[in-house]
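S.K.: kindly return the folded structure for what I paste below:
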Amino acid sequence: MNQRSSTPVFGTEGEREARPTARRSLTRSWLVAACLSFGASLALAACGDGDDGVPGTSSDEELLSEFCEHLIEGPTETVVSSTTAASAPNVTYHHTRLEVLLGDEPRFVRYEVDEPGDLAFAYGSDEAVLYRQGDMNVTPDNVKTGPFPCSDLRRVDVVPLAVGTVVLEIAPSSNATTYLVVEELGEESVAH
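M.R.: Purely as a prediction, here's the structure:
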């Protein structure tokens, strides 16, 4: 014969009150998720796209400031450029300063474009660069040489590109390296 225990299956009344109910647990989980999401949004705002609502700033100024931030603080990847377009290393990195090793002859790197539109190539030195996509040379829509918010930024080329590979041919240089940061702009552009 089964006898019922005097102890409730789910604990005593005091123990039940001490444990969070499913509703309180869900509310706490939702609050934690909301806080984490808000924190992630703030962290991404430093590298975000578009207007941040700061009076007196334009998207061009924000873009140039972002280039300066990456040129000064990184993160950094080192890339050994190639002496031939066919063996050009891939420099498709986002929000990254690329330290491109140069030489006394033309050097090549490549960037993979996944959406058509304007791309901004920011450089830390003054070497001439040719952009080639397929059989065609692509002329930048805009070349900005200053003024810039930092001395590490020397030139920004805004280049309209189709989906596919673009090969950058960097002119011979007495510099051992140049720094490069690439941003996909879409409809944005850098002011003349």
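
S.K.: so in that sheet, which strands flank the longest strand anywhere in the chain, and in what orientation?
M.R.: Scanning the chain for the strand with the most residues, using DSSP state E, yields strand 177-186. Using DSSP bridges, the strands paired with strand 177-186 are strand 97-101 (antiparallel), strand 117-123 (antiparallel).

S.K.: turn those strands into CSV, columns for mean pLDDT.
M.R.: CSV is the format used below for the strands paired with strand 177-186 (pLDDT from 0 to 100):
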stretch, mean pLDDT
strand 97-101, 90
strand 117-123, 92
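
S.K.: those into JSON lines, with extra columns for distance to residue 137?
M.R.: The way it works is simple: take the backbone N, C-alpha and C, and place the C-beta from them, glycine included. Listed next are those as JSON lines, based on distance: least, CB to CB, whole Å:
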{"stretch": "strand 97-101", "distance to residue 137": "20"}
{"stretch": "strand 117-123", "distance to residue 137": "15"}
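
S.K.: show the contacting residues for the residue nearest to residue 138 when sequence neighbours are not counted.
M.R.: Excluding its sequence neighbours, the residue lying closest to residue 138 (CB to CB, 6 or more residues apart in numbering) is residue 131, at 4.4 Å. By CB atoms under 8 Å, 6 or more residues apart in numbering, the contact list for residue 131 reads 137, 138, 139, 140, 157, 159, 161, 166, 167, 168, 169.

S.K.: can you select the buried ones from the residues you listed in PyMOL?
M.R.: Selection of the buried residues among the contacts of residue 131 in PyMOL, burial being defined by 16 or more other CB atoms under 10 Å:
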select buried, resi 138+140+157+159+161+166+167+168+169
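
S.K.: restricted to strands, list the contacts of residue 131.
M.R.: Counting by DSSP E, these place 137, 138, 157, 159, 161, 166, 167, 168, 169 in strands.

S.K.: measure the fourth one to residue 167 for me?
M.R.: Read that as residue 159. Look at residue 159 and residue 167: by CB to CB, to the nearest Å, they are 12 Å apart.

S.K.: likewise for residue 140?
M.R.: Using CB to CB, residue 140 is found at 15 Å from residue 167.

S.K.: before we move on, what about residue 110?
M.R.: Distance from residue 110 to residue 167, counting by CB to CB: 5 Å.
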